[in-house]
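*Asks:* can you look at this prediction? I've put the sequence above it.
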Amino acid sequence: MKLEGKIALITGGYLGAGRGIVDTFLKYGAKVIVLDYNSGVTSMNSANILAYNVDIRDASAISKALIDATKQYGKIDILVNNAGVCKLTPFRETTESIRDYHFDINIKGTWNVTQECLKYMESGGAIVNMSSVTGPNVADPGEVAYATTKAAVLGFTKSLAAELASDNIRVNAIMPGYIYTPLVDGMAKDSNPENPESVIDGIANAVPLKRLATPLEIGELAAFLASNESSYITGQGLIIDGGSTLPETMTMGV
């Protein structure tokens, strides 16, 4: 119960990796505040979950949700900036609206939530941001907007860690490869509308461990970074990709 007594704010916690993080945090004893722009999120409300239908592009909506949540829970110990989007689009066809869709959620939304959350976070807090191997390490065609934002999240993580160290607030980033989530399903459909399953199979075959990550595996890493088990780790991006960034080539070797 390494998160017992902790209050964790998790964005994008209704589905996918975010839901895996929520479930893992509950398993380890935390109470959870969830912000998600899917209206179904309010169905998560329970004794240990406060769920709010919030678009993190809206700073005032974030503020209202956290005022209400902290009236009930009193504080926030942990922030997991998980919410993010990816829409595969060739760079030459990327309109301002598609570019800003990524920037406004993946960068500005993370900024908005963090700035508001810090009003309620005391010494000993932990922030976990969802970056990616895409951008800092690798990229595929059609991912320019997404890759740019995820590289920015890693830079945000490092700079914020340096700034908040004097407050004893640690800031780290998770850098996943492909996770089997609705987001990846959507990307597979963008890549091959007639046979998206072949895209998922192709991703898995290129990973040394021959599969995609599960949301609960991301949850376990997030719980580690949020807990005292990682008390001397800050400003880092931790890769969790099944070895997908490991091979030097796809053809050389025995």
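*Replies:* That came through, no problem. Numbers count the residues shown, from 1 in each chain.

*Asks:* how about the contacts made by residue 124?
*Replies:* Residues near residue 124 by CB atoms under 8 Å, 6 or more residues apart in numbering: 77, 168-169. Heads up, the C-betas are built off the backbone N, CA and C, glycines and all.

*Asks:* helix/strand/coil for it?
*Replies:* Here residue 124 is coil, with the state taken from DSSP: H, G, I helix; E, B strand; the rest coil.

*Asks:* gap between it and residue 110?
*Replies:* As judged by CB to CB, to the nearest Å, residue 124 and residue 110 stand 21 Å apart.

*Asks:* residue 206 touches residue 250, doesn't it?
*Replies:* Yes: in this structure, residue 206 is within contact of residue 250 by CB atoms under 8 Å, at 7.3 Å.

*Asks:* neighbour count: those two, which is higher?
*Replies:* Using other CB atoms under 10 Å, the more surrounded residue of residue 206 and residue 250 is residue 206, with 15 against 7.

*Asks:* for residue 29, give me its contacts.
*Replies:* By CB under 8 Å, 6+ apart, the contact list for residue 29 reads 1-6.

*Asks:* what's the closest of the residues you listed to residue 135?
*Replies:* Comparing those against residue 135 with CB to CB places residue 3 closest, at 28.9 Å.

*Asks:* if we can go back for a sec, buried ones among the contacts of residue 124?
*Replies:* Among the contacts of residue 124, those classed as buried by 16 or more other CB atoms under 10 Å are 77, 169.

*Asks:* and the strands in the stretch 101-250 of the chain?
*Replies:* With strands called from DSSP state E, counting those that start in this stretch, the stretch 101-250 of the chain shows them at 126-130, 170-176, 237-240.

*Asks:* and the next helix or strand past the helix or strand containing residue 51?
*Replies:* Using DSSP states H and E, residue 51 sits within strand 49-53. Proceeding N to C from strand 49-53, the next assigned helix or strand is helix 59-73, under DSSP H and E.

*Asks:* residue closest to the middle of the chain?
*Replies:* Taking CA atoms, centre = their mean, the centroid of the chain lies closest to residue 82, which sits 2.4 Å from it.

*Asks:* where do the helices sit along the stretch 101-250 of the chain?
*Replies:* For the stretch 101-250 of the chain, the helices defined by DSSP state H, counting those that start in this stretch cover 110-117, 144-164, 182-191, 196-206, 215-226.

*Asks:* count the residues that sit near residue 90.
*Replies:* Residue 90 has 9 neighbouring residues, counting by other CB under 10 Å.

*Asks:* on that earlier part again, need the pLDDT of the residue nearest to the centre of the chain.
*Replies:* Turning to residue 82, the model gives it a pLDDT of 98.

*Asks:* ok, it touching residue 11?
*Replies:* Yes: between residue 82 and residue 11 there is a contact at 5.4 Å, judged by CB under 8 Å.

*Asks:* ok, the closest residue to residue 179 other than its chain neighbours - contacts?
*Replies:* Closest residue to residue 179 apart from its sequence neighbours, by CB to CB, 6 or more residues apart in numbering: residue 213 at 4.4 Å. The neighbours of residue 213, taking CB under 8 Å, 6+ apart as the test, are 176-180, 240-242.

*Asks:* looking at residue 253 now. What's its pLDDT?
*Replies:* Per-residue pLDDT puts residue 253 at 67.

*Asks:* brain fart, residue 144
*Replies:* The model's pLDDT for residue 144 equals 98.
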